[in-house]
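>>> model the following, please.
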Amino acid sequence: MMPDDAHSTTDFMEACRDSTDNELLELRGQIVESLQNLRFRTASGQIDDPMRIRKYRKAIARINTILQERRLGIDRSR
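Now for the predicted structure:
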C-alpha cells in the first residue's frame with residue numbers, strides 16, 4: 001500500500017504493522033523510487049501536488065521506525 005492509497009495515516013500504519021519485514025523493505029524501496037521520480041518532476045515543474053514529497057518522506061520514516069521497533073523488540077501495536 002502506497003501512502004497515497006491509504007485513507008489516513010492510521011490506515012497506512014496498520015497496514016505496515018501487519019506486513020512482514022521483507023514486505024516493508026520492498027515497500028520502502030518502492031516509495032524511495034517514487035520519491036526520486038517526484039523530485040525530478042518537481043524540478044521540471046511537472047508536479048501537481050508538491051505535498052506528496054512530504055507524504056512520501058514521512059512514510060519512509062514511519063516504515064524505518066516500525067523496522068527499528070521490531071529489531072529492538074518494542075511492541076507498539078496500538
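
>>> please, where are all the helices along this structure?
Here the chain has its helices, by DSSP state H, at 9-17, 21-43, 51-72.

>>> any chance of those helices in TSV, plus mean pLDDT and mean neighbour count?
Any C-beta I mention is one placed from the backbone N, CA and C, and that applies to glycine too. Listed next are those as TSV, based on pLDDT from 0 to 100; neighbours: other Cβ atoms under 10 Å:
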stretch	mean pLDDT	mean neighbour count
helix 9-17	91	16
helix 21-43	94	14
helix 51-72	94	15
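
>>> gap between the closest residue to Asp75 other than its chain neighbours and Cys16?
Residue nearest to Asp75 in three dimensions, not counting chain neighbours: Glu69, with 7.8 Å by Cβ to Cβ, 6 or more residues apart in numbering. Distance, Glu69 to Cys16, using Cβ to Cβ, to the nearest Å: 11 Å.

>>> nearest to Pro3, of the helices of the chain?
helix 51-72 (4.1 Å; Cβ to Cβ).

>>> what is that closest one packed up against?
When contacts are defined as 3 or more Cβ pairs under 8 Å, 6 or more residues apart in numbering; DSSP states H and E, helix 51-72 packs onto helix 9-17, helix 21-43.

>>> I'd like those laid out as CSV, including distance to Asn64.
Supplementary listing: the helices and strands packed on helix 51-72 in CSV, determined by distance: least, Cβ to Cβ, whole Å:
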stretch, distance to Asn64
helix 9-17, 11
helix 21-43, 7
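
>>> quick one: closest of those to Ile74.
Evaluated with Cβ to Cβ, these place helix 9-17 nearest to Ile74, the distance being 11.9 Å.

>>> my guess is Arg57 meets Leu35, correct?
Yes - applying Cβ atoms under 8 Å, one finds Arg57 in contact with Leu35, separated by 6.8 Å.

>>> show me the contacts for the most centrally placed residue in the chain.
The residue lying closest to the centre of the chain (Cα atoms, centre = their mean) is Ala59, at 2.7 Å. Residues in contact with Ala59 (Cβ atoms under 8 Å, 6 or more residues apart in numbering) are 2-3, 12, 31.
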